[in-house]
Every structure is written in structure tokens, then in C-alpha cells.
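K.L.:
Sequence and computational prediction follow.
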Amino acid sequence: MAAPGAPFWSASRIFILCIHFFGGVICLELSDFLKKYHLPLNEQQRQAVARTTGQTLLLAVPGSGKTTVSISRLGYLIFGCGVAPSSVLTVSYNVSAVNDLKARFAAVFGPQDGREQPEFRTIHGFCAKVLEMYSRMTGRPLFRLMDEEGESAALVRDVFCRLVGFSPDASKLSEILTQLSILRNLDPEDGEFPPELTMGTDIRLLHRACQAEKARRRVMDYDDQLFFAYRALQTHPRLRAYFQQKYPHIQVDEAQDVSHLQHCILRLLAENAQSLLLVGDEDQSIYAFRAAHPQALFEFRSIYPDGAVLTISQNYRSTGAIIQGALRLIRHNRDRYDKQMFSTHPHGDRIRQIRLSTRRAQYPWLLREAAAAEMQTAILFRNNDTALPLMDLLTKAGVPFFCRARDDTYLAHPNVVALCDGLRLAHSPHDTDLLVRLLKRMDIAVSDVAMQHVLRLHRPDGPTPLELLIRAEAGSPHTLPKMIKFQRALNRAARMNTRNALHRLRMDTALGLNVHRMDLQATRFDTLMLLAEMYPVPDDFFRALERLRQTAADGSGTPDARIVLSTIHSAKGLEFDHVILADLLDDILPTRPKAFLYSQEEKKRLLEEERRLCYVGVTRARKRLTVLTYRGLRSRFVREIKGWR
């Protein structure tokens with residue numbers, strides 16, 4: 001930078017301007033630009049901002065200011081190098097992230113009212129533009145885009161029912177929609193579908209049937225929108241050239257979360273780009289269930305042999321102790337870049353390990369910790385259901401909290417609903433609607449004629465409908481013993497407290513199994529048992545479940561509450577003074593895949609994804625990190641964080 005009072009046309013300025021002039025762009029000196037907009041970047045960040053030509057992969061460790069770098073580089077292109085704002089396309093993974101980038105840009109460079117705007121879009125938003133232009137160029141009408149949550153799910157459910165013969169429950173339908181989305185987001189030129197994702201469903205047959213039905217209705221979903229845009233760009237050179245000329249500069253945020261298909265779209269767009277910036281961190285890739293393709297970051301050098309791989313390593317968020325624990329953890333992964341990370345803060349408090357006697361003991365401990373908290377504290381879980389008992393305790397104790405995820409999928413899980421309905425029937429044995437539903441659930445066939453006969457005989461003060469069915473021998477020789485066993489289980493459950501009754505129903509009936517005979521995961525069944533222990537009287541238990549359902553539907557508290565409950569997935573991109581990681585034990589975090597479904601290589605890959613999830617949880621903490629362990633329960637990740645062998 002020129003000394004104060006030096007003439008504007010100094011030798012260094014003329015040298016820089018000449019270089020950029022002959023390269024087609026005239027740039028101001030970076031130091032002056034940063035000073036003008038009050039952007040105090042470190043040396044690694046400055047190098048990334050200065051890369052205004054060519055292809056760049058920027059590996060950004062947690063808390064390193066990657067958004068600041070992206071915004072600064074965008075501003076430097078526009079206000080430092082004279083690039084037209086509309087010729088820079090910045091892509092991020094969802095609407096919230098796009099709006100955040102817009103707000104950050106406006107905060108640094110001022111509102112762009114009345115001036116040409118830089119483009120911030122989701123990849124789906126960009127693909128919508130591609131298809132609109134394709135339609136104008138070819139004169140072909142577009143298929144109508146369906147609402148992802150409603151119409152698309154209904155279409156898949158209808159096709160599944162037509163193929164298989166029964167309608168999937170909400171949990172199964174969600175699983176199917178996820179599988180189909182992953183299939184659509186694979187390499188469009190390959191599309192090999194890993195067998196572990198099929199989960200017993202012929203997903204390819206279902207996919208072909210769904211595509212045929214969508215074509216018949218002339219509709220598409222959001223994944224189709226991506227695929228059709230890719231094919232349009234690939235097969236229509238004039239369309240591809242239009243967008244390549246329109247966006248000679250491309251920036252991609254959170255590149256590790258982009259799917260394979262989305263990377264293929266971006267590569268077509270960037271074939272002749274003056275600059276491409278991919279910002280990401282493979283260590284923070286935790287969305288495999290959304291088809292994230294972090295492998296693209298490792299393919300960068302082969303696709304762009306003249307490109308540069310840069311790293312920003314300075315973490316401005318966490319203390320040295322937290323960073324050292326995070327590094328000890330993530331270095332157990334083999335599929336990663338060997339990056340450094342260092343803190344700008346002192347070493348800070350040591351990572352605190354709390355060893356509790358049981359998983360159940362974590363809830364009263366967490367309640368006491370929450371009530372005494374003097375700083376913003378996030379309690380992070382692997383699964384939403386683990387937070388339910390704590391939500392109930394906090395509510396009863398009057399401790400304000402904010403629950404980030406509004407998710408009642410656990411309480412709506414078919415196995416959970418069936419077991420709770422079984423407990424209800426044990427205490428309301430004359431409820432015929434409940435009985436019919438549960439018999440169907442357990443695949444106990446009773447003819448309509450037999451059921452109508454029983455309903456005519458039934459009296460509220462007489463034998464129960466199930467007893468009448470047994471006396472009438474309404475079932476077949478195969479189903480009658482099942483009904484007798486079910487009746488005995490109900491009689492025993494009616495005399496037990498809530499926890500013992502649910503346990504007995506799970507052991508003695510098929511209520512804990514779904515239509516594919518798959519049991520509710522044992523560690524997740526524990527959540528229901530923990531709630532049952534808190535409410536030994538069934539009526540109190542059912543009232544608690546209803547309160548929790550309402551809380552999940554409505555949300556709880558306000559975002560500025562001192563106590564935050566969240567899954568690690570929902571906390572990504574956020575930071576908190578104090579983070580408490582709960583349920584760090586094998587079978588929960590890391591989740592242990594079923595051995596018969598996966599090869600050794602696949603299990604290693606899944607373990608690395610789980611380790612990345614734990615790493616994201618650890619690196620949300622600013623000042624203090626607490627990990628919970630449980631006596632007698634193995635905790636692989638805690639040992640790695642602490643550096644134990």
C-alpha cells in the first residue's frame with residue numbers, strides 16, 4: 001500500500017493496473033479496497049479475495065470467516081475491478097443462506113437500490129431461470145412445478161400403493177422420498193444407486209413409475225427441475241452459451257453440501273468462466289441423506305488442473321482447547337484434506353467431561369445446568385427425540401428455552417403410536433375403533449362379518465370386543481392364538497405402571513414392529529421409556545405426550561432464550577458460548593449401521609460422516625464445551641476428542 005501522501009500513480013499501482021488491464025479487467029489495489037470498506041482481512045483471506053481470475057477452491061475451517069471472504073471478493077470484483085454486478089452469480093444451498101448473503105453484502109457495501117444488482121440464487125432458482133429461457137428459445141412449454149411437501153408426496157404415495165398394494169405410513173413415505181431424491185441427485189451420466197439406500201424397496205422400479213406418472217400429468221418436482229436444467233444446458237449449445245456469457249464469474253457457497261448433479265450443472269456453467277470460486281469444507285459435510293457430494297472437492301484438481309486450492313485456517317470463534325479437541329477428533333478421518341486450524345483466542349477452559357450413571361440421569365443434570373446457566377448454552381443432540389424428556393422437564397420447571405427444530409416425527413413414528421395405542425386399549429378395552437386399528441396393525445385378520453356380529457353383541461358393561469372375538473373364534477386357526485396372546489398382554493399391561501406396560505407390550509406383541517417387521521431402534525425406544533418413567537400413571541403420560549406434540553408443532557420460546565435445544569444438523573452454521581453434547585455413545589453418535597446391509601468400506605464411510613457430524617457439534621462452541629458420557633456405555637468419539645487411546 002502506498003505511504004500517506006504518496007502520489008496516486010505510484011509505480012506499484014501502475015504495475016497492478018497494467019496487469020489487470022491486459023487481462024481484460026482493471027482492478028484497484030486490494031489494500032485500498034479493503035481499507036475503503038473497512039474489511040480487516042488476514043493474509044489467507046486476502047489471498048482468496050485477490051483471486052479474481054481462474055478457478056479457486058477455498059477450504060474454510062469452522063469460524064474462519066468464509067462468508068466475509070465471499071462477500072469481500074464479490075465486492076472487490078464489482079467495486080474494485082469494475083465487473084458488472086449482474087455478471088456475477090453467487091449460489092448458496094437454501095433460501096435462508098441466500099438472504100443472509102444478500103443482507104451481508106448490503107451491510108458492507110450499502111443498499112443497491114436503483115443500481116444493477118449482483119445475483120444471489122439457490123441452485124434451484126438458477127435452474128428455474130435455465131428452464132424458462134429454454135422454453136423461450138425452443139417454444140416448448142414447461143411442466144408445472146409441484147409443491148414439494150404436498151402434491152409431490154401424494155403422487156409418490158399413490159404410485160407406491162399401486163405398485164406394492166398398500167399405502168406407506170408417514171415414516172415410510174419420508175424414507176421413500178429421501179431415497180428418490182438421492183437417486184435423482186447422483187451423477188446424471190452414471191446414476192449407480194448404492195444398494196444400502198434401497199432399504200428393501202425396489203427404488204428404481206418406483207422411480208421409473210413415478211417419472212411416467214409425472215410425465216402423464218405434465219408436472220415436475222424440484223429434483224426434476226435440476227435434471228431437466230442439466231439436460232437442457234448439455235444438449236442445447238445456444239442455451240449454454242447464453243448463461244456462460246451472462247455469468248462469467250461464479251461463486252458457490254457451502255460447496256461440500258452440493259449434490260453430484262448440482263456440481264455437474266455448475267461445471268457446465270463454468271466451462272469458459274473468467275473466475276470460479278468454490279467455498280467449502282469437506283470436514284463439515286453432514287448431509288449425505290440429502291445427496292451431498294463432498295467428493296467433488298477432492299476432484300477439483302483433476303477437473304481444473306490450473307486451478308488453485310487455498311485454505312483459511314484461523315478460527316475466530318473457539319478457544320484453543322476446543323479447537324485442539326476438534327482436531328484430535330477429525331484427524332481420525334482419512335478422506336479429507338490435511339488442514340491446519342488455529343485459534344485467535346487463549347487456550348480457555350479445558351473440555352469438560354461429565355460422566356453420568358445412566359442415560360436417564362442426563363435429564364435432571366441438564367435441567368440443573370440449564371437453570372443455573374449464566375451464558376448462552378446450546379444442548380445438542382443426535383436425534384430430535386432425545387430432547388423430548390428435557391423439553392418436558394424445562395417446561396414444568398419454568399426454565400425458558402428455545403427449541404430450534406419443530407419436529408414431531410418421533411411421536412408420529414408408527415411403532416411409537418402403536419405401542420401407545422396398545423397402552424390406551426389396555427386401559428380402555430371397550431374402544432372398538434382402537435381395537436380394529438391395532439388388529440390391522442398386527443396383521444390379525446378378522447372378517448367384516450365377524451366384526452359386525454361382535455359389535456352387535458358388545459355392551460360397555462359386558463365382555464370386551466376382543467374377548468367376544470376370541471369366544472366366537474372369529475379368527476382363523478392362525479390368527480386366533482395371536483388374539484389370545486394379545487388379550488393376555490393387555491390384561492397384564494392394565495395392571496402395570498406406564499414403563500412396565502409399554503415394555504411388556506413391546507415384548508409380547510407385534511406392536512413394536514412395522515409392516516416390514518423392523519423393530520424401533522433400541523436406543524430410540526429408550527426415549528419412550530424415559531418419558532414413561534417420568535409419568536408412571538398412564539393418563540399423566542398421555543397428557544405429557546400431547547403437550548410435547550403441541551410444542552413440536554408450535555415451537556417453543558424465542559430465539560434469544562439463553563437455553564437452546566437443537567440437533568447438531570439444525571445447529572450447523574450457528575455458534576454458542578457454551579455447547580453441551582449429549583448422547584455421545586456408540587449406537588447413537590456414532591450410529592451403528594446394521595452389519596448385514598453394509599460392506600466394511602461402506603461402514604467406514606458412514607463412520608466418517610458421523611465423525612464429521614460430531615466435529616460440527618464441537619466447533620459450534622465459543623468458550624466452553626461439555627461432553628456427556630455414561631458409565632458402562634462406550635463412547636468412541638469422546639475418547640478421540642480427549643485424545644485417549
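P.N.:
Received the coordinates, thanks.

K.L.:
burial count for G307?
P.N.:
16 (other Cβ atoms under 10 Å). In short, each C-beta sits where N, CA and C put it, glycine included.

K.L.:
which residue packs closest to it, ignoring adjacent ones?
P.N.:
Spatially, and ignoring its direct neighbours in sequence, G307 is nearest to Q55 (3.4 Å; Cβ to Cβ, 6 or more residues apart in numbering).

K.L.:
V564 too?
P.N.:
In space, V564 is closest to A378, 4.4 Å off (Cβ to Cβ, 6+ apart).

K.L.:
Hmm, F402 and A561 touching each other?
P.N.:
Yes. Judged on Cβ atoms under 8 Å, A561 makes contact with F402 at a distance of 4.0 Å.

K.L.:
so what sits against both of these two?
P.N.:
Here A561 and F402 have no joint contacts, going by Cβ atoms under 8 Å, 6 or more residues apart in numbering.

K.L.:
re earlier: from R622, how far out is the residue nearest to V564?
P.N.:
10 Å (Cβ to Cβ, to the nearest Å).

K.L.:
Neighbour count: the two, which is higher?
P.N.:
A378 (24 against 21).

K.L.:
State the distance from the more buried one to L366.
P.N.:
For A378, the distance to L366 - Cβ to Cβ - is 12 Å.

K.L.:
Spell out which residues are contacts of both of those two.
P.N.:
By Cβ under 8 Å, 6+ apart, the residues touching both A378 and L366 are I580.

K.L.:
related to what we said a few turns ago, distance between the helix or strand encompassing the residue nearest to V564 and the chain's centre?
P.N.:
Here A378 sits within strand 377-381, counting by DSSP states H and E. Centroid displacement of strand 377-381 relative to its chain, using Cα atoms, centre = their mean, to the nearest Å, is 16 Å.

K.L.:
picking that back up, the residue nearest to V564 is in contact with V579, isn't it?
P.N.:
Yes. At 5.2 Å, A378 counts as touching V579 under the criterion of Cβ under 8 Å.

K.L.:
Overlap of the contact sets of the two?
P.N.:
Shared contacts of A378 and V579, counting by Cβ under 8 Å, 6+ apart, come down to R620.

K.L.:
circling back to that earlier point, in its sheet, which strands sit next to the strand holding A378, and in what direction?
P.N.:
Paired strands of strand 377-381, with direction, are strand 563-567 (parallel), strand 576-581 (parallel) (DSSP bridges).

K.L.:
residues in contact with the last one?
P.N.:
Contacts of strand 576-581 from elsewhere in the structure, counted by Cβ under 8 Å, 6+ apart, are 366, 369, 373, 375-380, 564, 614, 617-618, 620-628.

K.L.:
C-terminal to that strand, what's the next element?
P.N.:
Following strand 576-581 toward the C-terminus (DSSP H and E): helix 600-618.

K.L.:
got the angle for that next one vs strand 377-381?
P.N.:
Inter-element angle recorded for helix 600-618 and strand 377-381: 170 degrees (by axes from the mean of the first three to the mean of the last three Cα atoms, to 10 degrees).

K.L.:
then the next helix or strand after helix 600-618 to PDB, C-alphas only?
P.N.:
The element immediately downstream of helix 600-618 (helix or strand, assigned by DSSP H and E) is strand 621-630. Taking Å, rounded to 0.1, in the frame of the first residue of the first chain, the C-alpha atoms of strand 621-630 are listed here in PDB:
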ATOM      1  CA  ALA A 621     -18.800 -23.800  20.900                       C
ATOM      2  CA  ARG A 622     -17.100 -20.500  21.500                       C
ATOM      3  CA  LYS A 623     -16.000 -20.500  25.200                       C
ATOM      4  CA  ARG A 624     -16.900 -23.800  26.700                       C
ATOM      5  CA  LEU A 625     -17.600 -27.400  25.600                       C
ATOM      6  CA  THR A 626     -19.100 -30.100  27.800                       C
ATOM      7  CA  VAL A 627     -19.500 -33.700  26.700                       C
ATOM      8  CA  LEU A 628     -21.700 -36.200  28.500                       C
ATOM      9  CA  THR A 629     -20.700 -39.800  28.900                       C
ATOM     10  CA  TYR A 630     -22.500 -42.700  30.700                       C
END
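
K.L.:
all strands for the stretch 251-400 of the chain, in order.
P.N.:
275-280, 308-312, 314-315, 342-343, 352-356, 377-381 (DSSP state E, counting those that start in this stretch).

K.L.:
Ok, the stretch 1-150 of the chain next?
P.N.:
Going by DSSP E, counting those that start in this stretch, the stretch 1-150 of the chain shows strands at 54-60, 88-92, 119-122, 144-145.

K.L.:
of all those, which lies closest to K604?
P.N.:
Minimum separation from K604 across the strands of the stretch 1-150 of the chain (Cβ to Cβ) falls at strand 54-60, 22.2 Å.

K.L.:
buried ones in that closest one?
P.N.:
Residues of strand 54-60 classed as buried by neighbour count (16 or more other Cβ atoms under 10 Å): Q55, T56, L57, L58, L59, A60.

K.L.:
farthest-separated two in these?
P.N.:
The widest separation within the buried residues of strand 54-60 (Cβ to Cβ) is 16.4 Å, between Q55 and A60.

K.L.:
Go ahead and confirm H207 touches L183.
P.N.:
Yes. Counting by Cβ under 8 Å, L183 is a contact partner of H207 at 5.7 Å.

K.L.:
For the nearest residue to P118 once chain neighbours are set aside, give me its contacts.
P.N.:
Excluding its sequence neighbours, the residue lying closest to P118 (Cβ to Cβ, 6+ apart) is P85, at 4.2 Å. Residues near P85 by Cβ under 8 Å, 6+ apart: I78, Q112, R115, E116, Q117, P118, E119.

K.L.:
and of the strands of the stretch 1-150 of the chain, who's closest to L266?
P.N.:
strand 88-92 (7.2 Å).

K.L.:
and the closest one, what other elements does it pack with?
P.N.:
The contact analysis (3 or more Cβ pairs under 8 Å, 6 or more residues apart in numbering; DSSP states H and E) places strand 88-92 against helix 66-75, helix 95-109, strand 119-122, helix 123-138, strand 249-252.
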